[in-house]
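# starting from these lines, generate the structure:
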Amino acid sequence: MTKVSDIHITRWGQAGEKLILIHGGVQGSKQSGSAHFSKQEQLAQHGYEVLVPDRPGHGRSPTPNRPDDAEADGEWVAELLGDGAHLVGHSFGGCVALSAASRRPSAVKTLTLIEPGMQALAVNRLPVLLFLLRMLATLKLSFSAEQRIKRFSKLMHIPDAMGGVALNRKEYEGMGQAVSVLKVPTKETLERQLLQLRKSNIPLLVVTGGWSAGIDITADVVAKLGNGKRVTIPSPHHFPQVYSDDFNALLIQFMHETQH
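Residues are numbered from 1 along each chain as shown. Okay, the predicted model is just below:
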């Protein structure tokens, strides 16, 4: 079992309310969590102690003897919450953050999900179904692990600077293998966790960049099930948190409003 002591954590700021940022991506990437949230370093100047862990098998954290697993990562993130923190999760990291929040709801001040990988909740909607079918074709019909991760990055509109381009062929192959065994939560698990969120009255914010109907519809469903707020911050890719300063302004306002 992974523990917080096993995780490399980037820290911005020394005082204030704790803010934990959980990145997405797949194992084998040398990209650190801090690269996925580079603009959020500015939040330390607004009175927050910002913690950005590298999930197991990412950045400078050691690779575990398991694939990316939202439930397994949710255990150590729940531990990292300590006496209480604001929690943000991006993409697959959104699934991790939700898992952690459902484990220790009393320790979560707010939960923000950015383009969460929760399409299982909205597979009955045509744009989401088409999105998932394209993803399935990418994962199952690619001729090699390298081609698989390149096609996956293109499908997800992942910028080169955020892992869309690997350092070398070996890294491509590792990421391509990892994405094929990624353990995404089931619809039933996500529904149970969002119900727990709702019952615990945890303030929820769900953000997308507006570039994908499938991702937008998924976000709408997540916000509805979790009794949350839904916002679009225009972005041409999967990382609206680094495309402009709008995400930081929105997050600060959301955290401030829910604490007063």
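# what sits up against stretch 138-150?
For stretch 138-150, contacts defined as C-beta atoms under 8 Å, 6 or more residues apart in numbering pick out 26, 151-152, 155, 166, 169, 172-177, 179-180. Every C-beta, even on glycine, is put in place using the N, C-alpha and C of the backbone.
# alpha carbons of it, as CSV, please.
The C-alpha trace of stretch 138-150 is given here as CSV (Å, rounded to 0.1, in the frame of the first residue of the first chain):
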residue,chain,number,x,y,z
THR,A,138,-7.5,4.1,-29.5
LEU,A,139,-6.7,1.7,-26.7
LYS,A,140,-7.6,-1.6,-28.5
LEU,A,141,-6.7,-0.9,-32.2
SER,A,142,-3.3,0.8,-31.9
PHE,A,143,-0.4,-1.2,-33.5
SER,A,144,2.0,-0.4,-30.7
ALA,A,145,2.2,1.1,-27.2
GLU,A,146,3.9,4.1,-28.6
GLN,A,147,1.2,4.7,-31.2
ARG,A,148,-1.5,4.1,-28.5
ILE,A,149,-0.2,6.9,-26.2
LYS,A,150,0.3,9.3,-29.1
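# buried residues in that stretch?
Of the residues in stretch 138-150, 138, 139, 142, 145, 146, 148, 149, 150 count as buried by neighbour count, 16 or more other C-beta atoms under 10 Å.
# just the pLDDT at residue 143, thanks.
The per-residue pLDDT reported for residue 143 equals 87.
# can you tell me how far it is from residue 176?
Residue 143 sits 11 Å away from residue 176, going by C-beta to C-beta, to the nearest Å.
# ok, now residue 162?
Residue 162 is 17 Å from residue 176, by C-beta to C-beta.
# that older thread, can I get the buried residues of stretch 138-150 in a markdown table including distance to residue 239 and secondary structure?
Shown next, in a markdown table, are those (distance: C-beta to C-beta, whole Å; DSSP: H, G, I helix; E, B strand; the rest coil):
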| residue | distance to residue 239 | secondary structure |
| --- | --- | --- |
| 138 | 19 | helix |
| 139 | 21 | helix |
| 142 | 23 | coil |
| 145 | 23 | helix |
| 146 | 22 | helix |
| 148 | 21 | helix |
| 149 | 17 | helix |
| 150 | 18 | helix |
